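>>> just a sequence and a predicted model for now, questions to come.
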Amino acid sequence: MDDPAVFAARRPSENPEAETGGSIGFPHTHNAYEVLFVTGGQARVTVGGRPYTAAAGSVVFISRLEVHRVDALDDDYTRYYATVSHETLQRLPVGSRLTRIFENRPLGFGHCLDFRPHIAAIEPLFAAMVRECRQPGVFSDDMLRLLLSELLILFCRLKPEAFPVTFSRAAELTEKAKQYIKEHFDEDLSLDEVAAPLLISAGYLTHIFKQETGYSPTKYLRLCRLAEARALLVHSRLDITDIAFRVGFSDIGSFNNYFKAQTGQTPRQYRMNNSGDPSGRNLNAGKG
């Protein structure tokens, strides 16, 4: 299987060294999108520098490479969490209205949503995803995508305000710019090149892009490069210099400096620390 990495509820005190998603007590990132569903106790979840108190019924949406940490506030803290690869998110049988919550960070966005009255409706879907990962059957990949889609549809029906229908020209241009960056991040790409097909200026692109996503186009470009570099470090034997040039950096020094600034590790340390780490895979499951 090659799709969502889905993780089961686990108390933080149980085998913490085996945890690869929803890690506790230190800032970290994943090369995937993550949704965290708290089922018991409380935790302080900090995402992008913004702290939240998550209790039973809280759902937290974390973007790919978004720095976050989870600190349990009591011994009763348990949760489900799922990490979803970028490729999987693009293949879900739902529209961008539902998947934008993983990427866009407009003004007023909150990572943590309260679904306390609806725990009984949400938990069976997470449990089904975990069972499907632990005991895959025929068409498991398709089943996982459908379960994740059903979960997002349920979230949207319960809190439609968190999934706004956006048909603005700015949103449309931003989505096109994001797609162009994803397809050309490994090139020597300038803002003018991204803006030209949209028939807008680089300045206006920067304005609407940050308004819609919370990121500048330049930062989004670097995050795309970083995501690909992390994947290549774990899943290929390419030389680190080759990886730097392959993902769009012009020199190894800039690559090393940016990589360490974003991850806290050099590329070489990251490769050594994550070789064979389940969190680097597209699919994994566990339950404690």
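Arrived safely, thanks for sending.
>>> which parts of the stretch 1-150 of the chain are helices?
Using DSSP state H, counting those that start in this stretch, the helices found in the stretch 1-150 of the chain span residues 86-91, 96-99, 119-134, 140-158.
>>> okay, those in JSON lines with distance to Arg79 and mean pLDDT next?
Quick note: C-beta positions are derived from backbone N, CA and C, even for glycine. JSON lines is the format used below for the helices of the stretch 1-150 of the chain (distance: least, Cβ to Cβ, whole Å; pLDDT from 0 to 100):
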{"stretch": "helix 86-91", "distance to Arg79": "21", "mean pLDDT": "84"}
{"stretch": "helix 96-99", "distance to Arg79": "21", "mean pLDDT": "88"}
{"stretch": "helix 119-134", "distance to Arg79": "9", "mean pLDDT": "92"}
{"stretch": "helix 140-158", "distance to Arg79": "14", "mean pLDDT": "93"}
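>>> right, and those helices - which one's nearest Gln262?
helix 86-91 (16.9 Å; Cβ to Cβ).
>>> what helices or strands is that closest one leaning on?
Contacts defined by 3 or more Cβ pairs under 8 Å, 6 or more residues apart in numbering; DSSP states H and E place helix 86-91 against helix 140-158.
>>> tilt between the helix it packs on and helix 119-134?
170 degrees (axes from the mean of the first three to the mean of the last three Cα atoms, to 10 degrees).
>>> quickly note the distance from the nearest residue to Lys260 once chain neighbours are set aside to Phe259.
With sequence-adjacent residues excluded and distances taken as Cβ to Cβ, 6 or more residues apart in numbering, Lys260 is closest to Thr266, at 5.3 Å. Using Cβ to Cβ, to the nearest Å, Thr266 is found at 7 Å from Phe259.
>>> these two: which is more packed in?
Per other Cβ atoms under 10 Å, whichever of Thr266 and Phe259 has more neighbours is Phe259, with 25 against 14.
>>> pLDDT score for the closest residue to Asp74 other than its chain neighbours?
Of all residues not flanking Asp74 in the chain, Gly41 sits nearest, at 4.8 Å (Cβ to Cβ, 6+ apart). Note for Gly41: predicted pLDDT of 95.
>>> quick one: residues contacting Gly41.
55-56, 72-78 (Cβ atoms under 8 Å, 6 or more residues apart in numbering).
>>> make a ChimeraX selection of the buried ones in those residues.
Those of these that count as buried under 16 or more other Cβ atoms under 10 Å are selected in ChimeraX with:
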select :55,56,72,77,78
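>>> all strands for this structure, in order.
Here the chain has its strands, by DSSP state E, at 5-7, 33-40, 42-47, 50-55, 58-62, 68-72, 78-84, 112-114.
>>> highest mean neighbour count out of the ones you listed?
Of all those, strand 5-7 carries the top mean neighbour count, a mean of 27, counting by mean count of other Cβ atoms under 10 Å.
>>> Val94 against Leu151, yeah?
No: at 10.1 Å, Val94 does not count as touching Leu151 under the criterion of Cβ atoms under 8 Å.
>>> more neighbours, the two?
Neighbours per residue (other Cβ under 10 Å) separate Val94 from Leu151, with Leu151 holding more: 21 against 16.
>>> show me the contacts for the more buried one.
35, 122, 125-126, 129.
>>> circling back to that earlier point, I'd guessed the residue nearest to Lys260 sits against Tyr258; true?
No: taking contacts as Cβ under 8 Å, Thr266 lies outside contact range of Tyr258: 11.1 Å.
>>> tell me where the model's unsure across this protein.
In the predicted model, the chain carries pLDDT under 70 at residues 1-25, 166-167, 276-288.
>>> which residue, other than its chain neighbours, is closest to Asp76?
Gly41 (3.4 Å).
>>> tell me how far the spatially most central residue of the chain lies from Ala162.
Central residue of the chain (Cα atoms, centre = their mean): Tyr33, 1.8 Å from the mean position. Separation of Tyr33 from Ala162 (Cβ to Cβ) stands at 15 Å.
>>> contact partners for Pro27?
Counted by Cβ under 8 Å, 6+ apart, Pro27 has contacts 46, 67-69, 264.
>>> typo on my end, it should be Phe37
Applying Cβ under 8 Å, 6+ apart to Phe37 gives the contacts 58-59, 79-81, 122-123, 126.
>>> closest one of those to Ser254?
Nearest to Ser254 among these, with distances taken as Cβ to Cβ, is Tyr81, at 33.4 Å.
>>> can you give me the domain assignment for this structure?
With domains defined by automatic domain parsing, the chain comprises 5-165, 169-274.
>>> no more questions from me, cheers.
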